[in-house]
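S.K.: Sharing a model that was predicted from the sequence below.
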Amino acid sequence: MSIEIRNIAKRFGNFVALDDINLDIPTGELLALLGPSGCGKTTLLRIIAGMETPDGGDVLFSGAEATHLHARERQVGFVFQHYALFRHMTVFENVAFGLRVKPRRERPSDAEIKRRVMELLGLVQLDWLADRYPSQLSGGQRQRIALARALAVEPKVLLLDEPFGALDTKVRKELRRWLRRLHDDMHISSVFVTHDQEEALEVADRVVVMNHGKIEQIGSPDEVYSNPASPFVYQFLGNVNVFHSRVQDGYAEVERHEAAEKATAFVRPHDIDIAHQPLADGLQATVQHVHPIGPLVRVELQHDSEVVEVELSRERHEALQLAVGQTVWFRPRQMKVFGGDGLSRSTPEKQPFLF
Amino acid sequence: MAAKTHRVLPGFGLALGYTLVYLSLLILLPLGGMVLKASELGFAQIIDIALGERSLAAFRVTFGASFLAAAVNAFFGLIVAWILVRYPFPGKRFVDALVDLPFALPTAVAGITLATLYAGNGWLGRFIEPLGIKVAYTPLGIVVALTFITLPFVVRTLQPVIEDIETEVEEAAASLGASRWQTFVKVIFPAIFPALLTGFALAFARAVGEYGSVIFIAGNLPLISEIVPLLIISKLEQYDVLGATALAVVMLALSFILLLAVNLLQWWSANRHKNSEPLEVAAARASGGAA
């Protein structure tokens, strides 16, 4: 089922949660709503689920008006961050709930319910836990049960609100891949909310980056990461160094203070070269800290009053042998420049820094 | 080397000893004295007194009215608690404070007020008596007084439990297609049922022991609207100390049995969903199952 969101707005008192949101979610897509807390992503998800009523705008399911449909009529599966399992029911009864509350003429027979529930529990690989209560399960198991419960009613759309937010890193990574496989097998549309950019980039077909109730960018994971549409998107998706610069003749000039349009240059830490000898178009800096982190070495450089973060591979670091207090030169390999109005400028590649 | 577990309160031994001494002094000693006094009579005689026509009627009135009052409060108290927890409305704090008033008010004052209100010429009585409903000076009056007195028990027991129910659980039920009624019956009610039972038991226990408010509204007609505590007092006034203790002991035994039964029921409904098997065992099976 495809979802269309038309001019959706929502306020809570004076707080604008959603401001004129438009979004199309085609059938079969796995979409991530990504943004910091308070950006409206969960509100948008809840509006799609029918748990929140928008102040204005429309939600269309497969082209049909669904804005004022009650949650129970939407055929939407919802998975909560904190699972929201029914504590007094066994795992089996939790998953069977959606089938048991169906009107009598639609309700499957007990044997059929048992078969479907066990099939779903098999799908989430927890069939051996059928007679347990939620309090006896780990967080990851509970979330998989919550997912099985949502899938039991054969929803057209699966909505997940920070589904892995409460889990530890390792379990989260496993469940992420598992969700991706599940989505591909089930042929349904899925929307999940997350504040974890890694999660969004890894799992989703498309990522919607949100901030302050507005959509900042919609695109494939690669697109939003390598071609961010706004400074916010750049900063939200991974670490970044910010240089206040000016744009002149298509070049970003970091250190020349002449009349020109103000701009900001963004450079990812892994897009910076370091050398012991002066580099053409490079800047001079002092090494402040060297932290080896797993496969990477993070180096902090002091350039005038600014701290520049650089990520080097271990091999590169070994070749350089950086020591704290050393004077080095650095130069960005690539960067993205935004004007004072937050709009993208042509990216200077040839000669990014002028003195 | 034996591992020593550290507890917050001073040593288990000390705390348990204190608890036992405290409970003995406060509860067991007076009750024990009463049972000892009653034992001068012998079992057969105690039963005889308890099964006398007047005492039997009093027991029926006391436990019947208490049960009704507790049941009424279990229902309406649930609604009050639900409203107070779930909905914001102007004057909510005021209403919340009102609930505790029956705790604080001298029970005799409550009894007199209710009697005046429901008497044939009272504010309420003048409207309902023509309808054939007589409240003041009847067993119905006892139920009304006991309902008034025991309201806070149900409300205050349920409030924290209702607060504890995540609204997400209701939303989950709705998204799975459950109607409001199904959500209440299958999801909400099972979660609050143990607390409701506790509230019911507390209200019931309080009602059985209530004296002050009842005697003013009951009319105290032997065989019709006389409660056991009043019968005990009147026996004492006639210097029939043994008769009074006999009734007290029977009442004590009945209350204890009923409370125990309710507690067991509550314990059962609360523990049905707890771990029947330690988590580690389940986890071990989990890793076994995954392998």
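M.R.: Perfect, thanks for sending it.

S.K.: hey, let's count contacts and neighbours off CA atoms from now on
M.R.: Noted.

S.K.: can you count the residues close to the closest residue to chain B within the stretch 51-200 of chain A?
M.R.: Closest residue of the stretch 51-200 of chain A to chain B, Cα to the nearest Cα: residue A:72 (4.1 Å). Using other Cα atoms under 10 Å in any protein chain shown, residue A:72 is surrounded by 21 other residues.

S.K.: In the stretch 51-200 of chain B, which residue sits closest to chain A?
M.R.: Closest approach of the stretch 51-200 of chain B to chain A (Cα to the nearest Cα) occurs at residue B:177, with a separation of 4.1 Å.

S.K.: on that earlier part again, and the residue of the stretch 51-200 of chain A closest to chain B, what are its phi and psi?
M.R.: For residue A:72, the backbone dihedrals (degrees, to the nearest 10) come out as phi -70, psi -10.

S.K.: what's the closest non-adjacent residue to the residue of the stretch 51-200 of chain B closest to chain A?
M.R.: With sequence-adjacent residues excluded and distances taken as Cα to Cα, 6 or more residues apart in numbering or on different chains, residue B:177 is closest to residue A:72, at 4.1 Å.

S.K.: who's in contact with the one you found?
M.R.: By Cα atoms under 8 Å, 6 or more residues apart in numbering or on different chains, the contact set of residue A:72 is B:174-179.

S.K.: The same query, at a cut-off of 6 Å, please.
M.R.: Going by Cα atoms under 6 Å, 6 or more residues apart in numbering or on different chains, residue A:72 touches B:174-175, B:177.

S.K.: Including distance to residue A:56, could these go into JSON lines?
M.R.: Formatted as JSON lines, these follow (distance: Cα to Cα, whole Å):
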{"residue": "B:174", "distance to residue A:56": "23"}
{"residue": "B:175", "distance to residue A:56": "22"}
{"residue": "B:177", "distance to residue A:56": "25"}
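
S.K.: Now, of the residues you listed, which are buried?
M.R.: Neighbour-count burial (16 or more other Cα atoms under 10 Å in any protein chain shown) is assigned, among those, to B:174-175, B:177.

S.K.: of all those, which comes closest to residue B:13?
M.R.: Nearest to residue B:13 out of the buried ones among the contacts of residue A:72 is residue B:174 (Cα to Cα; 50.4 Å).

S.K.: ok, now which ones touch that closest one?
M.R.: Going by Cα under 6 Å, 6+ apart, residue B:174 touches A:71-72.

S.K.: go again using 10 Å as the cut-off
M.R.: By Cα atoms under 10 Å, 6 or more residues apart in numbering or on different chains, the residues touching residue B:174 are A:50-51, A:70-74, A:78, A:98, A:101, B:168, B:180, B:182-183.

S.K.: are any of these buried, and which?
M.R.: A:50-51, A:70-74, A:78, A:98, A:101, B:168, B:182-183.

S.K.: Can you lay out those as a markdown table showing pLDDT, distance to residue B:86 and secondary structure?
M.R.: Listed next are these as a markdown table, based on pLDDT from 0 to 100; distance: Cα to Cα, whole Å; DSSP: H, G, I helix; E, B strand; the rest coil:
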| residue | pLDDT | distance to residue B:86 | secondary structure |
| --- | --- | --- | --- |
| A:50 | 91 | 20 | coil |
| A:51 | 91 | 16 | coil |
| A:70 | 89 | 20 | coil |
| A:71 | 86 | 20 | helix |
| A:72 | 86 | 21 | helix |
| A:73 | 87 | 24 | helix |
| A:74 | 88 | 25 | coil |
| A:78 | 94 | 23 | strand |
| A:98 | 93 | 25 | helix |
| A:101 | 92 | 24 | coil |
| B:168 | 91 | 13 | helix |
| B:182 | 93 | 18 | helix |
| B:183 | 93 | 15 | helix |
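
S.K.: could these be laid out in a markdown table, adding distance to residue A:24?
M.R.: Listed next are these as a markdown table, based on distance: Cα to Cα, whole Å:
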| residue | distance to residue A:24 |
| --- | --- |
| A:50 | 17 |
| A:51 | 20 |
| A:70 | 21 |
| A:71 | 20 |
| A:72 | 22 |
| A:73 | 21 |
| A:74 | 17 |
| A:78 | 19 |
| A:98 | 28 |
| A:101 | 31 |
| B:168 | 27 |
| B:182 | 34 |
| B:183 | 32 |
